[in-house]
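Asker: Provided below are the primary sequence and the corresponding predicted coordinates.
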Amino acid sequence: MFKSMPTTKVTPKAEETGLRILDAALELFRQEGFDSATMREIAQKAGVATGAAYYYYPSKDAIVMDFYQRSCAEMQPKIEAALEHSKGLEARLRKLIRVKLDHFAPNRGVLRTLLRNGADPKHPLSPFGPQTKEIRDIDIAWFRRILVDCGVRIPRDLEPHLPGVLWFFQMGVIFFWVIDESAHQDRTVRLLELASKSVVGLIRLSSLPFMRPLRKTALQLIEIAAGVR
């Protein structure tokens, strides 16, 4: 696992310095791309010595991992507030994903520079890899939560797999959003609305008796994708 900050007690000054390095790195990633930016440039932009930058973050990967971890922590109360009075699976699904898009909006350019790395599950920064499992598990837990008393009958055999499936759906929406060049990413807004409606409609249909053979095939596909088979 990456060490994003020293393990000793962090003083306010150290926290401020670490955040300055993080902000400088994110700005350079947006401007130059992740691969082109160097730790020396990040340190220079943050106004610290290169050695100091390496003390807080041993690598650019560690910077991005800290960005992921901080974002995950900051989004928890936002998600809680968004879902507090939300009823129905479709509304919950849209609001949950919308929180992620709104939170990452200032750093959409950063996510775009990380697309190539994110697509490779073996890369330490991939959202699909072992290094990000803790963040992924926290995220999937929210999808499990929105299924509780959601007003939609979920087949028993599908229920344990559905949170992960919805998480993958979210990742597809985020990928589309990152590359969406429409004004204010309006295409993503429409996509999320229609896709959420479609996904919930399919879940409703999956509980019908005549859908059992198709659901069995779908479960086999999910198991293959998850590496169970």
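Answerer: Arrived safely, thanks for sending.
Asker: Centre of the chain to the host helix or strand of L166, how far?
Answerer: Using DSSP states H and E, L166 falls within helix 162-179. Centre-to-centre, helix 162-179 and its host chain are 8 Å apart (C-alpha atoms, centre = their mean, to the nearest Å).
Asker: Now do whichever helix or strand comes after that helix against helix 162-179, angle only.
Answerer: Next helix or strand after helix 162-179 toward the C-terminus (DSSP H and E): helix 186-206. Inter-element angle recorded for helix 186-206 and helix 162-179: 160 degrees (by axes from the mean of the first three to the mean of the last three C-alpha atoms, to 10 degrees).
Asker: Can you list the helices and strands that whatever helix or strand comes next after helix 186-206 packs against?
Answerer: Beyond helix 186-206 in the direction of the C-terminus, DSSP H and E gives the next helix or strand as helix 212-225. Helix 212-225 sits against helix 186-206, with contacts defined as 3 or more C-beta pairs under 8 Å, 6 or more residues apart in numbering; DSSP states H and E. To be clear about C-beta, it is placed using only N, CA and C from the backbone, and glycine gets the same treatment.
Asker: Now do the helix it packs on: everything it contacts.
Answerer: Identification of contacts with helix 186-206 by C-beta atoms under 8 Å, 6 or more residues apart in numbering yields 89-90, 93-94, 97-98, 101, 152-155, 158, 162, 166, 169, 173, 176-177, 180, 182, 211, 214-215, 218.
Asker: Break this protein into its domains for me.
Answerer: 1-58, 68-225 (automatic domain parsing).
Asker: For those, please prepare TSV with the additional fields mean neighbour count and mean pLDDT.
Answerer: Shown next, in TSV, are these (neighbours: other C-beta atoms under 10 Å; pLDDT from 0 to 100):
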stretch	mean neighbour count	mean pLDDT
domain 1-58	16	86
domain 68-225	15	93
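Asker: Using CSV, write down the CA coordinates of the helix holding L166.
Answerer: Output of helix 162-179 as CSV, limited to C-alpha atoms (Å, rounded to 0.1, in the frame of the first residue of the first chain):
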residue,chain,number,x,y,z
LEU,A,162,-26.1,-6.5,-7.6
PRO,A,163,-24.1,-4.0,-5.6
GLY,A,164,-21.0,-4.9,-7.6
VAL,A,165,-22.9,-4.7,-10.9
LEU,A,166,-24.2,-1.2,-10.0
TRP,A,167,-20.7,-0.2,-9.1
PHE,A,168,-19.5,-1.2,-12.6
PHE,A,169,-22.4,0.7,-14.0
GLN,A,170,-21.3,3.8,-12.1
MET,A,171,-17.7,3.4,-13.5
GLY,A,172,-19.1,3.3,-17.0
VAL,A,173,-21.0,6.6,-16.3
ILE,A,174,-17.9,8.2,-14.8
PHE,A,175,-15.8,7.1,-17.8
PHE,A,176,-18.4,8.7,-20.2
TRP,A,177,-18.4,11.8,-18.1
VAL,A,178,-14.6,12.2,-18.1
ILE,A,179,-14.5,12.1,-22.0
